[in-house]
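Participant: Requesting a structural model of the entry that follows:
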Amino acid sequence: MALTYRSFSRRRFLGGSAVAVTAGALGMPFVHTARAQAATFKAGVITSLSGENILGGNLTKRGYDLWADTVNEKGGVEVAGERFKVEMFYGDDQSNPATGADAAERLIVQNEVDVLFGPYTSGSTIAVQPICQKYQVPMISGSAESPNVWKAKPEFNFGIIPSVDTTSGLSLGVLAKLSNPAAKTVAVIGVNEPFSKETGEGFRDGVEAAGLELVAYELVPPEGDLTPVISKIAALNPDVVAVGGHEEPLINVVKTSKSLNFRPKALIMHYGVTNPAFAEALGADADGTTGVAVWLPTVPYKDDVFGTAQEFTAMAQKKSGVEPDYTEAGCAASGLVLGDALKRLGKKPALTPEDRVALKDAIAETDIQTFYGPIKFEKEGNHYHDNIQPVPVLIQIQGGKTVAVGPKEAAAAPFTYPLPAWK
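Facilitator: This next block holds a predicted model:
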């Protein structure tokens with residue numbers, strides 16, 4: 001995430017120590033020391049283990065660790081008919097991008113990791129990308145969602161979660177197919193801040209692809225009275241209102257719409273709807289609000305490591321005591337990408353510098369089905385090396401609970417459309 005609502009991140013280095021030849025010692029970026037034939041592959045995790053993003057950082061760590069624990073229980077990653085366990089090393093970005101870059105360098109130079117698993121926030125991810133390029137070490141990012149990560153065309157970084165500009169736009173196509181009578185017009189509100197603006201732009205750009213008509217696109221400040229904007233949109237009477245913003249602006253859109261007695265046939269927002277604080281703040285007025293998720297435990301996907309999405313959920317819940325969200329799932333799926341690429345690469349640990357470049361190339365050719373959904377990385381354009389394959393899941397608050405309503409194969413309840421008048 002980003003340049004996203006998850007803000008920027010740092011991390012304190014927490015990994016073990018290892019003998020290394022540093023850049024300063026040899027006047028070159030990195031020399032792989034003569035590691036004897038190793039028994040394990042080394043993976044470095046960079047995420048927010050302290051600071052304001054610690055909760056999200058813990059989500060990423062749980063996902064990466066769940067994969068490592070699961071494959072190690074099976075004997076490790078399979079390569080050339082043998083199995084090799086995965087050893088995890090950790091770097092704390094302390095919720096700050098610059099510290100994340102420092103942590104990545106230490107993991108590579110001191111711990112000699114073969115691969116990195118990426119940070120919680122897109123800000124830290126962007127800061128780490130030049131380190132990956134400098135040392136020619138691949139990174140698989142299970143959390144980053146800002147399109148700015150992929151617009152930079154990072155050679156050594158690969159993203160599991162589709163960026164917000166794609167998921168928000170695609171979600172309108174899902175909504176359009178479910179609407180009856182068919183939705184025709186859309187008004188979009190974007191909050192003028194990172195992530196929120198990108199989400200709003202995704203909604204805006206997705207209108208035409210969904211076969212709908214854009215009647216308004218309004219960019220609003222994060223704080224302030226929304227009455228003029230909602231009044232203007234109400235006069236246009238669009239079928240759908242789409243909003244890119246954090247929880248508080250989303251809540252204010254609902255409150256302002258009700259105060260003006262304006263009720264569109266559908267109100268769609270982004271991930272904030274899944275935050276319990278949204279429904280708690282609005283009570284019954286939250287009902288009917290639609291949101292977007294890139295993964296839910298109900299999706300109809302499976303793989304040979306975790307099984308079905310439901311089985312993965314049970315496994316994660318048993319380990320941590322809480323149901324996994326899409327971030328934890330995306331991070332666990334990052335490990336599946338690594339395991340698949342290592343198997344195809346056919347190189348046993350420890351990897352040489354040349355092997356790590358070859359591993360990057362193997363990751364780029366990923367084309368697998370997982371409990372998280374399909375994973376295949378873009379090879380050109382503004383989403384270079386991002387996985388934009390998964391179809392977003394449309395969720396709706398019904399009776400105070402968040403349920404999946406589309407696409408049909410992932411739905412747990414019918415889509416309420418059009419929304420009834422305010423009570």
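
Participant: helix/strand/coil for N72?
Facilitator: When classified by DSSP: H, G, I helix; E, B strand; the rest coil, N72 comes out as helix.

Participant: distance of it from G211?
Facilitator: If you measure N72 against G211 using Cβ to Cβ, to the nearest Å, the figure is 48 Å. Heads up, the C-betas are built off the backbone N, CA and C, glycines and all.

Participant: neighbour-wise, which of those two wins?
Facilitator: N72 (17 against 13; other Cβ atoms under 10 Å).

Participant: How about the more buried one: what's its closest non-neighbour residue?
Facilitator: Nearest residue to N72 in three dimensions, chain neighbours excluded: K85, at 4.8 Å (Cβ to Cβ, 6 or more residues apart in numbering).

Participant: burial of that neighbour, as a residue count?
Facilitator: 16.

Participant: do P420 as well
Facilitator: By the criterion of other Cβ under 10 Å, P420 has 9 neighbours.

Participant: Going by secondary structure, it is in what exactly?
Facilitator: Following DSSP states H and E, there is no helix or strand that holds P420.

Participant: So the residue nearest to N72 belongs to a helix, correct?
Facilitator: No - assigned with three-state DSSP, K85 falls outside any helix and is strand.

Participant: That one pairs with what?
Facilitator: T40 (DSSP bridges).

Participant: Please list all residues in contact with it.
Facilitator: 39-41, 71-72, 75-77 (Cβ atoms under 8 Å, 6 or more residues apart in numbering).

Participant: which one of these sits closest to I126?
Facilitator: Using Cβ to Cβ, F41 is the member of the contacts of K85 that lies nearest I126, at 25.8 Å.

Participant: quick one, what contacts Y64?
Facilitator: Y64 sits in contact with 43, 45, 88, 117, 142, 331-332, 334-335, where contact means Cβ under 8 Å, 6+ apart.

Participant: Which of these fall within strands?
Facilitator: Using DSSP state E, 43, 45, 88, 117 are the members of the contacts of Y64 that sit in strands.

Participant: ok, the third one - contacts?
Facilitator: If I follow you right, that is M88. Counting by Cβ under 8 Å, 6+ apart, M88 has contacts 43-45, 64-65, 68.

Participant: Report the buried members of these.
Facilitator: Neighbour-count burial (16 or more other Cβ atoms under 10 Å) applied to the contacts of M88 gives 43-45, 64-65, 68.

Participant: Looking at the residues you listed, which is nearest G288?
Facilitator: Nearest to G288 out of the buried ones among the contacts of M88 is Y64 (Cβ to Cβ; 36.3 Å).

Participant: and stretch 97-105, how far from the chain's centre?
Facilitator: Put simply, stretch 97-105 sits 20 Å off its chain's centre (Cα atoms, centre = their mean, to the nearest Å).

Participant: In that stretch, which residues are buried?
Facilitator: Residues of stretch 97-105 classed as buried: 97, 99-105 (neighbour count, 16+ other Cβ under 10 Å).

Participant: In contact with the residue nearest to K379 when sequence neighbours are not counted, which residues?
Facilitator: Spatially, and ignoring its direct neighbours in sequence, K379 is nearest to A364 (7.2 Å; Cβ to Cβ, 6+ apart). The contact partners of A364, taken as Cβ under 8 Å, 6+ apart, are 158, 377, 379, 385.

Participant: Good, wrapping up.
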